[in-house]
Structures are given as C-alpha cells and as structure tokens.
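J.: okay, predicted coordinates and the sequence, questions at the end:
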Amino acid sequence: MKIHLIAIGGSAMHNLALALHEKGYQVTGSDDEIFEPSRSRLEKKGLLPQTLGWDANRITPDLDAIILGMHAREDNPELIKARQLGLKIFSYPEYLYEQTKNKKRVVIAGSHGKTSITSMIMHVLKHTGRDFDYMVGALVEGFDTMVRLSESAPVAIFEGDEYLSSPIDLRPKFHLYKPHIALISGIAWDHINVFPTFEIYKQQFSTFISLIEPNGTLYYYEGDSELRDVVLHSGTHIDKEPYKEHESIIRDNETYLTARSGVFKLTVFGKHNLQNINGAKLICNQLGVSDIEFYNAICTFKGAAKRLQVLHSAPGAIAYLDFAHAPSKVKATISALKEQFPTRKLIACLELHTFSSLNAEFLDQYRDSMQVADEAIVYFNPETLRHKRLPEISEEQVKKAFGKENLKVFIDTDSLVNSLKSISYKETNLLLMSSGNFAGIDLKGLSLELF
C-alpha cells in the first residue's frame, strides 16, 4: 500500500505515519513546518520530507490513499491534485476506522480523562499479554508510538476526541469510529471556537451514542448530571452501564485501591483517576481481563505524559506538569493534589492557551476552578491571542473571571519565572498546567532551580 499524508508533522499524523510504516506500508508525507519531536522521529524512520512545503507533483495516480491532517487547508495544492485524480482521501479518524472495521472497536470519550482511561486500558492489556491496536492522545510508558495498526490484533482501543476530523470533514473525530464498546467520562463545555454553545457541544455526545454498534455497550460516569441527561435521552439499541469512583484510602500521601481481593497501592491519585480506574476496569473486564489481573497491572501504571507528570521532587516538595486546560480539568487536578498532600501548600500555575480559554466569553467558566490552591497564578501570552486571531483580554478580566482572591496574572515569562523563584517551597508542591508550553520555558530546568 502506498499512502501519502498531507500535514505529516502533526502530533497525531506523524504517529500514524510511523504506525503505517511499521505495518509495512510505503509512506510519504508533506508539511510546511515540522517541529520536534515529530521531526526526529520521522527522520529516524526515513519518513521526513526532503523539503518543506506543498508540492502537487508528490500526488501521483499510483497512491492508494491520501490522509489529510487538520493543519492543511482546503486550498492545499496537494489536496486539489488528489481530488482531480479521484484518489481516496481520508481524514485521520476515517482512516483509523478503515483499518479496524473488521475488529472489535473500543472508544473512550469525554471532555476529560479520555487519554488517561485509554492509557490505563492499554497498560493493562499489555501487562496481561493481550494483542490490540490503539490510538491515544499522549505518549504512554512502554509504547513507542501513539498509534498501532496491525493485521493480527482482534481489538482496537481508540481515544475518542470530539474535535473536527479534517478541513474538508467537519464531523467530530469520535463520530467516525462506530464502537462496539464505548465509555464517556463526563461532559464539560470545550472547543468554543467549534461548538459555540454548550447545547451544541452536548449534542455531539448524543450523536456519538447513536453511532455505537447495535447491541453494543456504553459505560458512563454516573456522577455527571449533564452526561446522565444525555444518556437518559439516548436510544435503546445498546446496553448502558453507569460507573462511579473506585473505593480507596489515602495513607501517608499514598493512594490505595480497596477491593475484595485486597488492597493495592497506586502510583496515580485523585478522585478523577479513581473514576478513570473504575471505567478502565469495566472495559478490561469485558475484554476478558479478570479483576486480579487488572489490579496487579494497574498498580504499575504511572500515567500518560503530562498527566500529573513529576518534573522534579525533593524532600517535602514535588513539581508536577499536567495537560489540564479546560475548567473541569483544572479544578479536578488541583483538588487531587490537595487531597493527596493535605498538609502541603499548593502553588497552582495555569497557562491559558486554547481557543476556549483565551475567549472572553468563555473565561467565566473558570470561576472557582483554582479555589482550593493556596496560591494561584494564571499566565497567558498576548502573542498567542494574535496568532489565534482572538480579541485581546486583560489581566483584570482574567482576575474577575476566576473569582480567586489574590490571583496573580502574568503576560510575560520573565515576570512569571521571577514570581515562581520568589516562593519558598518548604513543604510545598508546584503544579504547572497547560496544553501549550508556557512560551518555551524549560519547565524541567526551572523546577530543578526552584528546589
């Protein structure tokens, strides 16, 4: 098979390219910019385009398929040429379905937790020696890529993202997978640039449920009232099973699962992860994993990249990096750290980076999300607003929206770094949250400087 990926440099796209190369396909690609780590990973496998930019001459009649990434535009010359030649053009999720349409598909959806739950399932299935394909939105320890597609695996585990599929396919990605087994972890408004109202956003999950294969199974977190409402009003073609937080105890800043078969010490923590674990367990049980197999495996799960990832630790202090950016994720992550370390002070620092978080109309959704932090800091880069073509927001708007007393707001990295360096970290944890990179700050190096 000869496959060409337009916009090969993206996080998801370059992983798909690596997976297809591993499968034995002849893979080519193009992009107008390719950053690390995509660049090095593609180069190592001989998949890095020789020149940057778009070139219609790359598109030839002998190509079996074109995969179109979100970074490309509808007027892309390679896309135009592919259409003229009548080649098969797939979005990223559409091609994943094409590769797994004869397999049992498991899709993990939800506004928060989907990467963690998918990662937990992958970890357990690998730990128990099962063969499976997968797609997940972050690197997971023990896996070389974020995508695997094989001839042998009977099951495919996909993270179900609600964002759009491609520039010419405006369906949410998770509408294309048609799962046999699905899970929804919760619904909290996000992606305001695509779903301008919460009702429109909720509707995407209703549609997702309607696309589950007949006689399939949906697991859903029962503690989310919006999700319960969506499930209540969904069709009767599937089984619907609620789940809740797994029972646990905290001893000496460590979390333990409690079960009939024993007590199991975890590496991850927080109520949101206890919910995630129970959801992952139900999926694994349905795939033939016993309870004891699950518990023994989940004890060694260290989390996906940027999900309460430890940057640096010292006696009485730990610096964490987390992908949290939406209000519900920010609140859950801060709460998790306060519950795990009740006697330690918590400094929580959030970068506003997404279209939603930098939108003045959405800012009020963050009210009280940082309330339990001992000190709260918000950073945003005005250049990011200009790049995303969003109206300016002020530091005062941010302070008012969050409703947190003594909230500090910074718009330049030097001031932010100096503020973090002025803090004493004795019996204090630091939580850095962003879907971006704090304008290129070396967060690992900074945390080493702080304590």
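T.: Happy to help now that I have it.

J.: domain map for the protein?
T.: When the chain is parsed with automatic domain parsing, its domains come out as 2-87, 95-298, 309-450.

J.: now the helices: where do they sit in this structure?
T.: Along the chain, counting by DSSP state H, helices occupy 11-22, 38-44, 77-85, 92-100, 114-127, 198-210, 225-232, 271-286, 291-298, 327-340, 382-387, 395-402, 413-421, 443-450.

J.: Ala94 contacts Phe174, correct?
T.: I think there's a mix-up here, since residue 94 is Glu and not Ala. No - judged on C-beta atoms under 8 Å, Glu94 makes no contact with Phe174 at a distance of 11.9 Å. Glycine gets a C-beta too; all of them are placed from N, C-alpha and C.

J.: the two - which one has more neighbours?
T.: A direct count of neighbours by other C-beta atoms under 10 Å for Glu94 and Phe174 places Phe174 higher, at 28 against 21.

J.: which non-adjacent residue is nearest Ile249?
T.: Taking C-beta to C-beta, 6 or more residues apart in numbering, and ignoring the residues beside it in sequence, Ile249 has Tyr256 as its nearest neighbour in space, at 5.2 Å.

J.: so how far is Phe264 from that neighbour?
T.: Remark: distance between Tyr256 and Phe264 (C-beta to C-beta, to the nearest Å) = 6 Å.

J.: same question, Phe355
T.: Distance check for Phe355 against Phe264: by C-beta to C-beta, it reads 40 Å.

J.: likewise Ala188?
T.: Distance, Ala188 to Phe264, using C-beta to C-beta: 29 Å.

J.: just Glu392 next, same as before
T.: Taking C-beta to C-beta, one finds Glu392 at 50 Å from Phe264.

J.: and those two? Which one has more around it.
T.: Ranked by neighbour count (other C-beta under 10 Å), Glu392 and Phe264 place Phe264 first, with 20 against 10.

J.: the more buried one: what's it in contact with?
T.: Phe264 sits next to Tyr256, Leu257, Tyr295, Asn296, Ile298, Cys299 when contact means C-beta atoms under 8 Å, 6 or more residues apart in numbering.

J.: can you rerun that using 10 Å?
T.: 246, 248, 255-258, 277, 292, 294-299 (C-beta atoms under 10 Å, 6 or more residues apart in numbering).

J.: okay, those in CSV with distance to Gln204 next?
T.: Shown next, in CSV, are the contacts of Phe264 (distance: C-beta to C-beta, whole Å):
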residue, distance to Gln204
His246, 28
Ser248, 32
Thr255, 33
Tyr256, 37
Leu257, 32
Thr258, 36
Ile277, 26
Ile292, 37
Phe294, 30
Tyr295, 34
Asn296, 36
Ala297, 32
Ile298, 30
Cys299, 35
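
J.: can I get the buried ones among those residues as something I can paste into ChimeraX?
T.: The buried subset of the contacts of Phe264, as determined by 16 or more other C-beta atoms under 10 Å, is captured in ChimeraX by this line:
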select :246,248,255,256,257,277,294,295,296,297,298
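
J.: and of the contacts of Phe264, the nearest to Ala17?
T.: The nearest member of these to Ala17, counting by C-beta to C-beta, is Ala297 at 29.7 Å.

J.: returning to that earlier point: just the contacts of Phe264 now: which is nearest Asp442?
T.: Comparing the contacts of Phe264 against Asp442 with C-beta to C-beta places Thr255 closest, at 30.1 Å.

J.: give me the pLDDT for His387.
T.: Looking at His387, its pLDDT reads 89.

J.: ditto for His71
T.: 89.

J.: that one and Ser166, how far apart?
T.: 10 Å.

J.: identify the contacts common to these two.
T.: In contact with both His71 and Ser166: Ile6, Ala7, using C-beta under 10 Å, 6+ apart.

J.: out of these two, which sits in the busier spot?
T.: Ser166 (24 against 17).

J.: mind picking the two most distant members of the contacts of Phe264?
T.: In those, two members sit farther apart than any others by C-beta to C-beta. They are Thr255 and Ile292, at 19.0 Å.

J.: would you turn the contacts of Phe264 into TSV with distance to Lys271 and pLDDT?
T.: Shown next, in TSV, are the contacts of Phe264 (distance: C-beta to C-beta, whole Å; pLDDT from 0 to 100):
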residue	distance to Lys271	pLDDT
His246	10	98
Ser248	9	98
Thr255	10	97
Tyr256	14	98
Leu257	13	98
Thr258	15	98
Ile277	11	98
Ile292	24	97
Phe294	19	98
Tyr295	19	98
Asn296	23	98
Ala297	21	98
Ile298	16	98
Cys299	18	97
